[in-house]
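Enquirer: What would the 3D arrangement of this be:
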Amino acid sequence: MPPIQSASGIAYSAAAVSQMSSERAPELSIVVPLYCEESNIDYLFERLETVAVDLGVTYEIVCVDDGSKDSTLLRLIGHHHRNPAIKVVALTRNFGKELALTAGLDHSQGQAVVPIDADLQDPPECIGMLMDKWREGYDVVYAKRNNRLGETWLKTFSARGFYRVIGRMSQVPIPQDTGDFRLMDRRVVDALKQLPERTRFMKGLFAWVGHKQTFITYDRDPRHSGNTKWDYWKLWNFAIDGIVSFSSTPLRVWSYLGLVISAISFVYASFLVIRTLILGIDLPGYASLMVAILFLGGIQLVSLGIIGEYLGRVYEEVKQRPLYLVRKFYDGTAE
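Expert: Model prediction:
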């Protein structure tokens, strides 16, 4: 059987391909969630396969197509037929990055698992450093960004602000300036698979499971090609999901605010009563009354909205729907 050529020109012998697709779990699983990333796929595999071969480990690349509308899935299937170590999980629709990443972790088998984005902002060449730390005995090695090249100052500022805020609000320390790019031991991945919650803030879940953790630092590159799928509205909703999933502080804040407003109202009402009884000054007109009503009405609406966010999460949980649905899994066994 002639050797199989990789995207980077690396030749795989029939024996090597057989080893990759054997029942023995590979040492390394690389998990890649993708949504409309057709322009990045070829270069992505060129770099991932080069890194995996240079490391000299058995590996698999688990790609999750999150309902892409372009030719992403077709390209992934083509690479899977070229190299059986590339496995493809095709979801039935777009479930979002967090659930696509969950699907990839669920279908991974490696002793060490590395999630990475398809836009190549996180350099695959850092995987070697992650594995070095893992071999030292760490269960989680996360990659901490020195900078965020190719991103606007507003996105950089808001991202740093968000992670500092949630770091203070969460009961679990969440590392700052980190993303999904990290290495996790199989024990950590198995622990994550036991968490059934529907609204998944993966960076928080990575921190929640604990285990022995350390980090490396790296420079984050600009996106290789294409446009980001995260606009500011999606980032805002992502931030809300993270805060609601890992902190009850917003509920406590409004409880304290209610107590403060009640106390201020009681003091002010006492002042008006005393002034009227002692000085005989009539109460002023409706302006102050309208301001007070509108102010308290706004406070009530905001507090109801916060309570609604938490109740909405409860509603999603009690429905017990699957986290995602798989249309087909291309793993080389039965296709």
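Enquirer: Now the closest residue to Phe329 other than its chain neighbours. Its backbone dihedrals?
Expert: Spatial nearest neighbour of Phe329, chain neighbours left out: Val89 (5.4 Å); criterion: C-beta to C-beta, 6 or more residues apart in numbering. For every residue, glycine as well, the C-beta is placed using N, CA and C. In terms of degrees, to the nearest 10, the main-chain angles of Val89 are phi -110, psi 110.
Enquirer: What is the burial count for Val89?
Expert: Counted with other C-beta atoms under 10 Å, the neighbours of Val89 add up to 25.
Enquirer: Ok, Glu38 next?
Expert: Glu38 has 19 nearby residues by other C-beta under 10 Å.
Enquirer: Cys36 too?
Expert: Neighbour tally, Cys36, other C-beta under 10 Å: 19.
Enquirer: Surely it is within a helix?
Expert: No. Secondary structure of Cys36 (DSSP: H, G, I helix; E, B strand; the rest coil): coil, not part of a helix.
Enquirer: what pLDDT does it get?
Expert: Per-residue pLDDT puts Cys36 at 84.
Enquirer: Phi and psi next, for it.
Expert: Per degrees, to the nearest 10, the backbone of Cys36 is at phi 50, psi 60.
Enquirer: any idea how far Leu74 is from it?
Expert: Look at Cys36 and Leu74: by C-beta to C-beta, to the nearest Å, they are 12 Å apart.
Enquirer: Following the chain onward from the helix or strand harbouring Val189, which element is next?
Expert: Using DSSP states H and E, the element containing Val189 is helix 186-192. Per DSSP H and E, the first helix or strand lying C-terminal to helix 186-192 is helix 202-208.
Enquirer: Buried residues of the following helix or strand past that following helix, list them for me.
Expert: As assigned by DSSP H and E, the chain's next helix or strand after helix 202-208 is strand 213-220. For strand 213-220, a neighbour-count test (16 or more other C-beta atoms under 10 Å) marks Gln213, Phe215, Ile216, Tyr218, Arg220 as buried.
Enquirer: ok, of the residues you listed, which one's closest to Gly128?
Expert: For those, the minimum distance to Gly128 (C-beta to C-beta) is 10.1 Å, reached by Ile216.
Enquirer: Leaving out sequence neighbours, find the closest residue to that closest one.
Expert: Met129 (4.9 Å).
Enquirer: quick revisit: out of the buried residues of strand 213-220, what pair is the most spread apart?
Expert: Gln213 and Arg220 (19.9 Å).
Enquirer: what are the ranges of the strands in this structure?
Expert: Assigned by DSSP state E, the chain shows strands spanning 4-5, 11-12, 28-34, 59-65, 86-91, 112-115, 140-148, 178-185, 213-220, 326-330.
Enquirer: Tabulate those strands (TSV), appending distance to Arg164.
Expert: Converted to TSV, the strands of the chain look like this (distance: least, C-beta to C-beta, whole Å):
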stretch	distance to Arg164
strand 4-5	47
strand 11-12	46
strand 28-34	26
strand 59-65	30
strand 86-91	33
strand 112-115	23
strand 140-148	14
strand 178-185	12
strand 213-220	17
strand 326-330	37
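Enquirer: By mean pLDDT, show me the worst of these.
Expert: Lowest mean pLDDT within the strands of the chain: strand 4-5, a mean of 39.
Enquirer: re the thing from before, point out the other helices and strands that the helix holding Val189 packs with.
Expert: Contacts defined by 3 or more C-beta pairs under 8 Å, 6 or more residues apart in numbering; DSSP states H and E place helix 186-192 against helix 97-107, strand 112-115, helix 202-208.
Enquirer: need the ones you listed in CSV with mean neighbour count, can you?
Expert: Listed next are the helices and strands packed on helix 186-192 as CSV, based on neighbours: other C-beta atoms under 10 Å:
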stretch, mean neighbour count
helix 97-107, 21
strand 112-115, 25
helix 202-208, 19
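Enquirer: Now tabulate these in JSON lines and tack on distance to Tyr268.
Expert: Shown next, in JSON lines, are the helices and strands packed on helix 186-192 (distance: least, C-beta to C-beta, whole Å):
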{"stretch": "helix 97-107", "distance to Tyr268": "47"}
{"stretch": "strand 112-115", "distance to Tyr268": "55"}
{"stretch": "helix 202-208", "distance to Tyr268": "41"}
